[in-house]
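Q: for reference, the sequence and a predicted model appear below.
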Amino acid sequence: MDWMKEVLARKEDLIKDTQEFLRIRSILDKETASKEAPFGKGINEALEFLLQKGSSEGFISKNLDGYAGHIELGTGQDIIGILCHVDVVPEGDGWTSGPFDADLREGRIYARGAMDDKGPTMAAYYAMKIVSESGLPLQKKVRMIIGTDEESDWQCVDHYFKHEQMPLMGFAPDADFPIIYAEKGIIDAELHYTPSESTSTQEGIIVTEFHSGERYNMVPDKAFAALSGNLNSDEIQSSYSAFLKKHNLKGDYAEKEGTAKLMLTGKSAHAMEPNNGINAGLYLAAFLKDLKLNSGAKGYFSSLTDFFFGDSRGKAVSIASKDEVSGELTLNAGILRYTEKAASAGINIRYPVTADGADIKEGLQQIPGFLLHSLSDSKPHYVNQDHELISTLQRVYTEQTGETAELISIGGGTYARSLEAGVAFGPLFPGREDVAHQKDEYIIVDDLLKATAIYAQAIYELAK
Ligand SMILES: [Zn+2]
């Protein structure tokens, strides 16, 4: 079977259908949400577009209450799943052509969703169509599972798998080629600072406000503090500028009517590797802790510094771990807040696939001075490299591209983690610019065709 030849025979239709699909503005829209369309009109239109296309071309289509759907080929007990999504992130500004024009130029289709995930979704659909039209016998059922809120809360897959069978194995064309086979566990935790009352005194400088960061999964690049009370402004200002100079950081100091305002600029980075950033909040905390603060503030900023400053591996809070597949645990202090009434730290932890989230939770409960207020845990996701899914997809990828299919382990989470035995498989080829969620998002037509051939052979080899 020459899979690429089959794709090229359908090239014009594939491009045309991809463009038509991309022209649907499938952004989450609560204004137009209804019982049948829980995420709004645009997303529902995109879901229906695919399902109707499927049923009109001989597949079995099913809509699960507007949350998700599937397009099915073949019979058999076991299911091979291909997990895609039709929702896209908002278009943003600065596009060269309209974000929903699906303009074809220089061999690329430009549109929001071209890479993430409507382009590869259409590639996977055509792959199923090619397998179906080949007439080759299959032993397993093939299901393209279509989610509708991957870009927000993943209610789609929750709803879907409450009602439908989990595939025996499968892949999600929603990240990178060759194959992402290991994704760390992800914990978000909110810790509340709880000083012991007996030592509390109101003498010293008052920190009326301190905040840094908005998101668990980003290293905060800005921090702010306001101080009042018994200030020696000149002394604070000169020690602050010495501190900034020593650490090669940028910041500002201003004093007005008895209130000192301190700003510090760090460097933002994704929580997958906090060492790529400079945590503005932790640096400002490290400066503040040495001032003559009142005891509540002193305790908070000292604890933040002791447990989190300069330590992105969870060593100081005794939760560090690592393994061969996924490397070290990482910890990011993403949201830091202090007022005289309440103080907290929001942290994001990425833990190795062989580590246990329950152990980490226990560790977080033991941090002196902090109370674990809330925690969410998305378990690690890992398919053993000896699994038939991996060996099959590796062989297919190599046959179609001539390249070896290296296995990738990441600190992030992909859609594949909602499958029991699933990997992320494309659509972004190694060395290509990652334009998902950016302005002028595009898919290279040649890559769209190549991905379709890879998916077609993969579906056949897994289901035969
Ligand atoms: Zn996606």
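A: That came in fine, so what should we check first? Residues are numbered from 1 along each chain as shown.
Q: which bits of this protein sit near the ion?
A: Contact residues, the chain versus the ion (CB under 5 Å from the ion): 116, 117, 174. To be clear about C-beta, it is placed using only N, CA and C from the backbone, and glycine gets the same treatment.
Q: try 6 Å this time
A: 85, 116, 117, 150, 174, 415 (CB under 6 Å from the ion).
Q: partners of the first one in the sheet?
A: Right, residue 85. Counting by DSSP bridges, residue 85 is bridged to residue 147.
Q: per-residue pLDDT, it?
A: On the pLDDT scale, residue 85 is placed at 98.
Q: surely it is in contact with residue 120?
A: No. Using CB atoms under 8 Å, residue 85 is not in contact with residue 120; the gap is 9.8 Å.
Q: what residues do the two have in common as contacts?
A: Taking CB atoms under 8 Å, 6 or more residues apart in numbering as the criterion, residue 85 and residue 120 both touch residue 174.
Q: quick one on the thing from earlier: so which of the residues of the chain next to the ion is the most crowded?
A: Ranked by neighbour count (other CB atoms under 10 Å), these have residue 85 at the top, with 30 neighbours.
Q: what's the neighbour count on residue 17?
A: Applying other CB under 10 Å, we find 17 residues neighbouring residue 17.
Q: list phi and psi for it.
A: phi -70, psi -40 (degrees, to the nearest 10).
Q: same question, residue 443
A: Torsion angles, degrees, to the nearest 10, at residue 443: phi -120, psi 140.
Q: ditto for residue 33
A: phi -70, psi 150.
Q: same question, residue 188
A: Torsion angles, degrees, to the nearest 10, at residue 188: phi -110, psi 130.
Q: give me the pLDDT for it.
A: For residue 188, the pLDDT comes out at 97.
Q: partners of it in the sheet?
A: residue 348, residue 376.
Q: contact partners for it?
A: Applying CB under 8 Å, 6+ apart, the residues contacting residue 188 are 216, 217, 346, 347, 348, 349, 375, 376.
Q: what of residue 361?
A: Counted by CB under 8 Å, 6+ apart, residue 361 has contacts 187, 189, 372, 375, 377.
Q: need the max-distance pair from those.
A: Greatest spatial distance in the contacts of residue 361: 372 and 377, 12.0 Å, computed using CB to CB.
Q: where in the stretch 101-250 of the chain is pLDDT low?
A: Along the stretch 101-250 of the chain, segments meeting pLDDT under 70 span 196-202.
Q: quick one: the helices in it?
A: Under the criterion DSSP state H, counting those that start in this stretch, the stretch 101-250 of the chain contains helices at 118-134, 155-163, 233-246.
Q: out of those helices, which one sits most buried?
A: Across the helices of the stretch 101-250 of the chain, averaging neighbours per residue (mean count of other CB atoms under 10 Å) puts helix 118-134 on top, at a mean of 25.
Q: alpha carbons only: can I get that one in PDB?
A: Taking C-alpha atoms only, helix 118-134 is exported to PDB below (Å, rounded to 0.1, in the frame of the first residue of the first chain):
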ATOM      1  CA  LYS A 118      -8.400  21.400  13.300                       C
ATOM      2  CA  GLY A 119      -5.800  20.800  10.600                       C
ATOM      3  CA  PRO A 120      -4.600  17.500  12.100                       C
ATOM      4  CA  THR A 121      -8.200  16.600  12.900                       C
ATOM      5  CA  MET A 122      -9.000  16.800   9.200                       C
ATOM      6  CA  ALA A 123      -5.800  14.900   8.400                       C
ATOM      7  CA  ALA A 124      -6.900  12.100  10.800                       C
ATOM      8  CA  TYR A 125     -10.400  12.100   9.300                       C
ATOM      9  CA  TYR A 126      -8.900  11.700   5.800                       C
ATOM     10  CA  ALA A 127      -6.600   9.000   7.100                       C
ATOM     11  CA  MET A 128      -9.700   7.000   8.300                       C
ATOM     12  CA  LYS A 129     -11.400   7.600   4.900                       C
ATOM     13  CA  ILE A 130      -8.300   6.300   3.100                       C
ATOM     14  CA  VAL A 131      -8.200   3.100   5.300                       C
ATOM     15  CA  SER A 132     -12.000   2.700   4.800                       C
ATOM     16  CA  GLU A 133     -11.800   3.100   1.000                       C
ATOM     17  CA  SER A 134      -8.800   0.800   0.700                       C
END
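Q: quick revisit: buried ones among the contacts of residue 188?
A: 216, 346, 347, 348, 349, 375 (16 or more other CB atoms under 10 Å).
Q: which pLDDT value goes with the fourth one?
A: Which is residue 348. Looking at residue 348, its pLDDT is 97.
Q: any idea which helix is longest in this protein?
A: Longest helix of the chain, by residue count under DSSP state H: helix 445-463.
Q: where's the residue nearest the centre of the chain relative to residue 424, distance?
A: Most central in the chain under CA atoms, centre = their mean is residue 413, positioned 5.2 Å from the mean C-alpha point. Per CB to CB, to the nearest Å, residue 413 is found 10 Å from residue 424.
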